[in-house]
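Chemist: Have a look at this fold, sequence not included:
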């Protein structure tokens, strides 16, 4: 007898061909398939992850910089150091501590040293007649160049100097090197010079060819003022140092404002 050829693809077929997917319940449970079973995930995330538990990373708005732990720690260290130095100096002066005795011996040894005209000129760099016009010119120039926030911050910082220095002078009531009159700690001339020249340097630095020259000039002018005040006998050395510690804290907001603006502008697309 002739054998009748067996049809292909019957239910009892055990041949070597791969089974074909048929629409139905089994295919509906395949990962990523629509319908009943696992929902479709186009992004490849695990199907059991709740939507609220997804972590997409920190959201950063355009033009902003996420906080950097290293810079934050540095800022905290600078603020803490300046506060500690100013508190230590003020405590030693107010409590007539050993540091005050050393300071007065050093001041007496330095008073009268150097050419009188030169030291007088250096001391006058901290007067309001010299320092404030310098800061005023820097504010006007910065406004002309289109800045708005930085000149306002510089003016507020300068206005804060007498609000802080005058009450401290009255509270500590330290006599001067050449007089019994009180109110010499901290030095108002040293504070005026530090804030005026420091703030002016921050305002002018973005508009000059060598920006690093501005803070260097501010440091030199501030140091020259302090040297002149001590050599002329207008202040004790710690009067000047205490003012510098205090004004370092006052200048931090303008410094941080300028750095934040510079980082934002560097990240702004130019296309």
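Modeler: Yep, that arrived. Quick caveat: nothing in here was measured; it's all calculated off a predicted structure.

Chemist: ok, residue 231 touching residue 107?
Modeler: No - between residue 231 and residue 107 there is no contact under CB atoms under 8 Å: 9.8 Å. Any C-beta I mention is one placed from the backbone N, CA and C, and that applies to glycine too.

Chemist: Secondary structure element for residue 152, which one?
Modeler: Assigned by DSSP states H and E, residue 152 belongs to helix 149-172.

Chemist: Could you name the helices and strands sitting against whichever helix or strand comes after that helix?
Modeler: The helix or strand immediately downstream of helix 149-172 is helix 188-204, counting by DSSP H and E. On a contact count with 3 or more CB pairs under 8 Å, 6 or more residues apart in numbering; DSSP states H and E, helix 188-204 meets helix 128-144, helix 149-172, helix 213-231, helix 237-267.

Chemist: Mean confidence (pLDDT) on helix 188-204, please.
Modeler: Average pLDDT, helix 188-204: 96.

Chemist: Ok, stretch 100-119 next?
Modeler: Mean pLDDT, stretch 100-119: 96.

Chemist: What of stretch 129-147?
Modeler: Averaged across stretch 129-147, pLDDT comes to 94.

Chemist: now the residue lying closest to residue 138 once chain neighbours are set aside: how far from residue 96?
Modeler: Leaving aside its chain neighbours, residue 138 sits nearest to residue 200 (3.7 Å; criterion: CB to CB, 6 or more residues apart in numbering). Separation of residue 200 from residue 96 (CB to CB, to the nearest Å) stands at 37 Å.

Chemist: Neighbour count for those two, which is higher?
Modeler: Under the criterion of other CB atoms under 10 Å, the comparison of residue 200 against residue 96 puts residue 200 first, with 25 against 10.

Chemist: what's near enough to touch the more buried one?
Modeler: Contacts of residue 200 were listed using CB atoms under 8 Å, 6 or more residues apart in numbering, and they are 134, 135, 137, 138, 154, 214, 218.

Chemist: let's see it at 6 Å
Modeler: 134, 135, 138 (CB atoms under 6 Å, 6 or more residues apart in numbering).

Chemist: Equivalent analysis for residue 232, please.
Modeler: Contacts for residue 232 (CB under 6 Å, 6+ apart) come out as 119, 123.

Chemist: hmm, 8 Å instead?
Modeler: Applying CB under 8 Å, 6+ apart, the residues near residue 232 are 111, 116, 119, 120, 123.
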